[in-house]
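Colleague: Here is a sequence together with a model predicted from it:
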Amino acid sequence: MRIHFHGAARTVTGSQHLIEINGARLLLVEDNEINREFATELLRGVGIEVDCAVNGAEAVAMVQRLDYDAVLMDIQMLVLDGLDAARQIRALARAEDGERFARLPIVAMTALAMAQDAEKSLAAGMNDHVSKPIAPERLMATLAKWVDVSGRPGAAARFRRRAAAIRTAPARPAGRGNEAVSCTIPDQSR
């Protein structure tokens, strides 16, 4: 079976991937609140701006309203699953000025970890497949392969400032760190 990859993958090694994705704006599509909070905290911790959708239908609407550097898409969701959402996003590329939907990296982030699950994701128009539970290094490496914000002014400088702030931040008191993480869910009323 021949699979067509949308967009261009890049090879990025070591911690360089954190510089490459710092400042990216991602749409996280996840119906499970705990998974959404974990992924949001992880992504924001490396300087990624995160918006959230709780199902594929919301994701399709949001990518039409806002420009994202990538979409992290759960597969098993109510209303519209991740595979059908990816197909609908790719179909938007056929519209006038729809080229960005063909280039938009969509990465499956799912508990479905079998080889045939990854093939289904790719056949639906996704670029890559990361299985849960999420290994942070693998997720960041996968994002760095597809997301390129290096051309944006100040991307490397933002990363260095963020890394310095993390190194110099005081340690959290014992028993802390379980605070709720909010996920930006843009206003859908427009």
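Modeller: Received the coordinates, thanks. Since the structure is predicted, the reported quantities are computational estimates derived from the model, not experimental observations.
Colleague: where do the strands sit along the protein?
Modeller: For the chain, applying DSSP state E gives strands covering 25-29, 49-53, 70-73, 106-110, 128-131.
Colleague: Comparing the ones you listed, which comes out most buried?
Modeller: strand 70-73 (a mean of 27; mean count of other C-beta atoms under 10 Å). Where you see a C-beta, it was placed from the backbone N, CA and C, and this is true even at glycine.
Colleague: Check what contacts that one and list those residues.
Modeller: 24, 26-30, 39, 56, 59, 63, 82, 85-86, 89, 104-110, 126, 143, 146-147 (C-beta atoms under 8 Å, 6 or more residues apart in numbering).
Colleague: re the thing from before, turn the strands of the chain into JSON lines, including distance to Glu137 and mean pLDDT.
Modeller: Putting the strands of the chain into JSON lines (distance: least, C-beta to C-beta, whole Å; pLDDT from 0 to 100) gives the following:
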{"stretch": "strand 25-29", "distance to Glu137": "17", "mean pLDDT": "94"}
{"stretch": "strand 49-53", "distance to Glu137": "18", "mean pLDDT": "93"}
{"stretch": "strand 70-73", "distance to Glu137": "15", "mean pLDDT": "94"}
{"stretch": "strand 106-110", "distance to Glu137": "14", "mean pLDDT": "90"}
{"stretch": "strand 128-131", "distance to Glu137": "11", "mean pLDDT": "88"}
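Colleague: can you count the residues close to the residue nearest to Leu92 when sequence neighbours are not counted?
Modeller: Excluding the flanking residues, the one nearest Leu92 by C-beta to C-beta, 6 or more residues apart in numbering is Phe101, at 4.0 Å. Neighbours of Phe101 under the rule other C-beta atoms under 10 Å: 21.
Colleague: Can you point out the buried residues in stretch 33-47?
Modeller: Within stretch 33-47, the residues scored as buried using 16 or more other C-beta atoms under 10 Å are 35-40, 42-44, 46-47.
Colleague: again, but for stretch 80-93
Modeller: 80-90, 92-93.
Colleague: List the contacts of the residue nearest to Leu92.
Modeller: By C-beta under 8 Å, 6+ apart, Phe101 lies in contact with 63, 89-93, 95.
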